[in-house]
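In: here are the coordinates; sequence isn't available:
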């Protein structure tokens, strides 16, 4: 008989062993699929690792991919730690991109020292404002923030499409004939392009540095501030927070806004580091906001672990781009990435539960013939 | 039941338990909370399977795969928390999930069933209207429906889990009368309780459980409450009692409720025009059957619930309604009924829970930042002073026993130097040792001048600690009596609304 039991204590060694084991499981599973489709597993893994992390410039390209993942991961971690379910990082990232590119266009002729801080600020504020909508709805009308924040993602997607494709907005390029026929956004001036810092031959994008500062701030906030303490109490028990005199409704709005600010900064970084233009299709295809939820879950909501996971997933998707080709369909790349995520998330179960196999004992009682899950 | 053992992850709930009950006997199962009484009865009713041991009914070994098997073997259980469908009638509840000759295929025959119910109710002196809907009934009536349900299903062995916890003294006496009738006609009654007086009054034999093991089985006539208490706890028990209270007239009025009314969670009035005073150093007990406005009373005083009328005055200044923070700042401490979840944040550490209210002020925090070192020293100091047994200050509070959680709560609430303490069922579910230390802490606080409003369903506790007793019935204060003039019968009548 197989039982799944909740572990009374979560052993520390499992926190390392389980992810490693999951990764090995993922490699084995994907290798089976690669063999079945007639590809060389070893060569594929080598190419993925090489293009994602090891080859010349690979890590720099990976970090560009990782930056928005890092920030949307932090957005999810900030909210989830208080058991507030902001699923709207996707839309908040779009809005951050709108704000940052708007600021970049408006201040295009100014020096970088002015433009870049303005873009950062605009990304933070627009993202926070967009996230505050479900926050206020939750606090005042007790609507479910999962649904409202999710729905606002679609609104945000339509909004950026409208700005470039269906209107003659401030963001749209209208100066040339081709751009009037084939709509596109205004490209930012060189001053609005974010710099990167060279460390040991790796170009670290400015947005990634901001993300690391954001991670450290989030960690400090939850660990040793009054604000973080209140959020932890609310996350653990709303009733206890009410009892202790904590103003839960204000807190929900504040934490949603904080979460949205991180996602908005992710959108700003995507514009400043990479795209330099408001590109509705590109942003929506990347779906960094939803991936951020996975990042936060794998990092167990720990801000520093979010950095690590974001870099790994960034490398996976960066390496995945280079795998694609005539002999290697994009769908297969997605399958491999999906399997790796699936195994990693499934492994989480083993950290909290253990599987015990019992031999039926001789007793007048019938052994159970079904697996039973009994939380302690 | 022979050699029953049941393990849960981390605990052995029953260890080699032998238990037998004879036909026509009322057999009490006595033990503290966590002694394994509920586990044993859940095994007997087929909810759990034992890891070891066997069950024999009328000499035949049986194996219950589900509660249905146990019902078929003639075993019926009345749970502490009723399992009734509130919007169904009494008769419908009785036939729910039960098949017999009265049900002709798909359709129910209300008149046949109701006739039978009336007959059963008359025979066992448990008056109840078979056509009434369960939500309309009082708690005592609902319990009668539960008992009738087991009888209707032909139970020969009845298990009652803490059946008097929601009843007034008079209702309990009526229940005992019914149980005696059932035993007299050859049914077996297993009566689970931790109240010694009841056990002495109703049972013929008593089996005492302690930490999952049987300590012994004794005939009631050959024992006494003192011996049973010693078996139950493992040592002699002397409960702390309140000494003569201070002269009240000279003391300051610390809490004044003026015509307070409030709605309950269902939007109906839970408190109606309640006026009550508590003086400094005085313990005022609020007695009443559960669900008569106790929780709402505590919540209104502590600002957790907004009253619809009236005012709450603490030490001469009105408290802003519906704002827990101002109540905390005025010196209102609160030990809530729901400890785990409301009184403490369960996953947070002991240290964090000890500053759950003090985190706002220096020295715990300054300029918005917490001082981890001071939180830690505060925890170590309080854990020592209040004898909190735990591996360390960083232990998650949910891992503590009920008694230690309550000590964490009291340590926090009393160390903030309150003016008034609202304590709701402060010893419910605690073992004897923890109960005694909680009571001692309350008395110590009162001696130091804290006014205490002690809300409890345990009349014995109120009579042991309070200077005055107020009785709450359907949100009304039925009366306030001095402790030395209080008689249990009189209080019982007030608790039932008759006075």
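Out: Structure's in. What do you need? What you see is a predicted model; the values in this text were computed from it and never measured. Numbering: from 1, shown residues only, chains lettered A, B, ... in the order given.
In: now do the contacts for the closest residue to residue B:347 other than its chain neighbours.
Out: In this structure, residue B:347 finds its nearest non-sequential neighbour in residue A:236, 4.8 Å apart by Cβ to Cβ, 6 or more residues apart in numbering or on different chains. (C-beta placed from N, C-alpha, C; glycine too.) By Cβ atoms under 8 Å, 6 or more residues apart in numbering or on different chains, the contact list for residue A:236 reads A:83, B:345-348.
In: repeat that for residue A:130.
Out: With contacts defined as Cβ under 8 Å, 6+ apart, residue A:130 is in contact with A:88, A:91-92, A:95, A:152, A:156, A:260, A:264.
In: list just the nearest of those residues to residue B:495.
Out: Using Cβ to Cβ, residue A:88 is the member of these that lies nearest residue B:495, at 52.2 Å.
In: what's the burial count for the closest residue to the closest one other than its chain neighbours?
Out: Spatially, and ignoring its direct neighbours in sequence, residue A:88 is nearest to residue A:149 (3.1 Å; Cβ to Cβ, 6+ apart). Using other Cβ atoms under 10 Å in any protein chain shown, residue A:149 has 30 neighbouring residues.
In: so where do the strands sit in the stretch 251-376 of chain A?
Out: A:353-357, A:373-374 (DSSP state E, counting those that start in this stretch).
In: lowest-confidence stretch among those strands?
Out: Of all the strands of the stretch 251-376 of chain A, the minimum mean pLDDT falls on strand A:373-374 (a mean of 40).
In: lowest-scoring secondary structure element of chain B by mean pLDDT?
Out: When the helices and strands of chain B are compared on mean pLDDT, DSSP states H and E, strand B:2-8 comes out lowest with a mean of 80.
In: the residue nearest to residue B:88 when sequence neighbours are not counted: what's it in contact with?
Out: Distances taken as Cβ to Cβ, 6+ apart place residue B:134 nearest to residue B:88, at 6.2 Å, with adjacent residues excluded. Listed by Cβ under 8 Å, 6+ apart, the contact partners of residue B:134 are B:84-90, B:93, B:142, B:145.
In: ok, now which ones touch residue A:336?
Out: So residue A:336 contacts A:30, A:33-34, A:44, A:48, A:320 (Cβ under 8 Å, 6+ apart).
In: what do you get for residue A:304?
Out: Going by Cβ under 8 Å, 6+ apart, the list of residues near residue A:304 reads A:215-216, A:219.
In: most neighbours, which of those residues?
Out: So for the contacts of residue A:304 (other Cβ under 10 Å), the most neighbours sit at residue A:215, 24 neighbours.
In: can you pull the contacts of it?
Out: Applying Cβ under 8 Å, 6+ apart, we find residue A:215 in contact with A:70, A:74, A:303-304, A:306-307.
In: skipping adjacent residues, who's closest to the residue in the stretch 51-200 of chain A that chain B sits nearest to in space?
Out: Residue nearest to chain B within the stretch 51-200 of chain A: residue A:83 (10.8 Å; Cβ to the nearest Cβ). Excluding its sequence neighbours, the residue lying closest to residue A:83 (Cβ to Cβ, 6+ apart) is residue A:235, at 4.6 Å.
In: against residue B:264, how distant is the one you found?
Out: Taking Cβ to Cβ, to the nearest Å as the measure, residue A:235 falls 28 Å from residue B:264.
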